[in-house]
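# Give the three-dimensional model of this entry:
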Amino acid sequence: MSTTTEPSETLRESSTQPKRIEIRLSTVLAGLLVTALVIATCVFAALYLSVRGELTGQEASAANNVHAEQVAADYALGASTIDYRDTAAWFDNLKANTTPQLAAKFDATTQQLEQILLPLQWTSVATPITSVVTSETDGIFTVNTFLNVMAGPRYSGHRVLEPRCD
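As a prediction, this is how the structure comes out:
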């Protein structure tokens, strides 16, 4: 005797049984490895871009500091180098890269300063020692500049000469 099952019974039996999907362990491990590599790549890319941005900012800041130090040193040298025979050049150096208000104050004192420098035959020579940015706020730099200044009446470059009695 043979038993025949109707097709509807077969469908009912198969639908009530849970379906099983078999995945090999090596496939799961490979998937996890690929996922971990993708995550690690994204993390390292984000870190790289972040560090690159910070380094670019630091490089720009360092370049701005060097520029501010150079501008301060140039101004200090110009302001500290005086020759009584050419006071106009010294006044130009004093006014260089200053505000119009400060330049006007220098212009107002030109005659008084010449009355001091000319009779003394004042000369001075400066050499830079160092310049250091001490602070920066909104693009305004505070720079300390140190110079070695040799100055005096009729300074010859190596020694101070005795005043003449004419």
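# Enumerate the beta-bridge partners assigned to Gly152.
Taking DSSP bridges as the rule, Gly152 bridges to Thr123.
# That one touches Gln121, doesn't it?
No: because the distance of 9.4 Å does not satisfy C-beta atoms under 8 Å, Gly152 is recorded as not touching Gln121. For every residue, glycine as well, the C-beta is placed using N, CA and C.
# now for the longest helix along the chain, which elements pack on it?
In the chain, assigned by DSSP state H, the helix with the most residues is helix 25-80. Under the contact criterion of 3 or more C-beta pairs under 8 Å, 6 or more residues apart in numbering; DSSP states H and E, helix 25-80 touches helix 87-95, strand 122-137, strand 140-153.
# The helix or strand that that helix is followed by pairs with which strands?
For helix 25-80, the succeeding helix or strand toward the C-terminus, using DSSP states H and E, is strand 82-83. Strand 82-83 has these partner strands in its sheet, going by DSSP bridges: strand 122-137 (antiparallel).
# got any ranges where the protein has weak pLDDT?
Applying pLDDT under 70 to the chain picks out residues 1-15, 155-166.
# So which residue is dead centre in it?
Most central residue of the chain, judged by C-alpha distance to the mean C-alpha position with C-alpha atoms, centre = their mean, is Ser61 at 0.8 Å.
# so what's it up against?
Taking C-beta atoms under 8 Å, 6 or more residues apart in numbering, we find Ser61 in contact with Glu136.
# and with 10 Å instead?
The contact partners of Ser61, by C-beta atoms under 10 Å, 6 or more residues apart in numbering, come to Val133, Glu136.
# Distance of it relative to Val71?
Plainly put, Ser61 is 16 Å away from Val71 if you go by C-beta to C-beta, to the nearest Å.
# And for Ser135?
Using C-beta to C-beta, one gets 15 Å for the distance from Ser135 to Val71.
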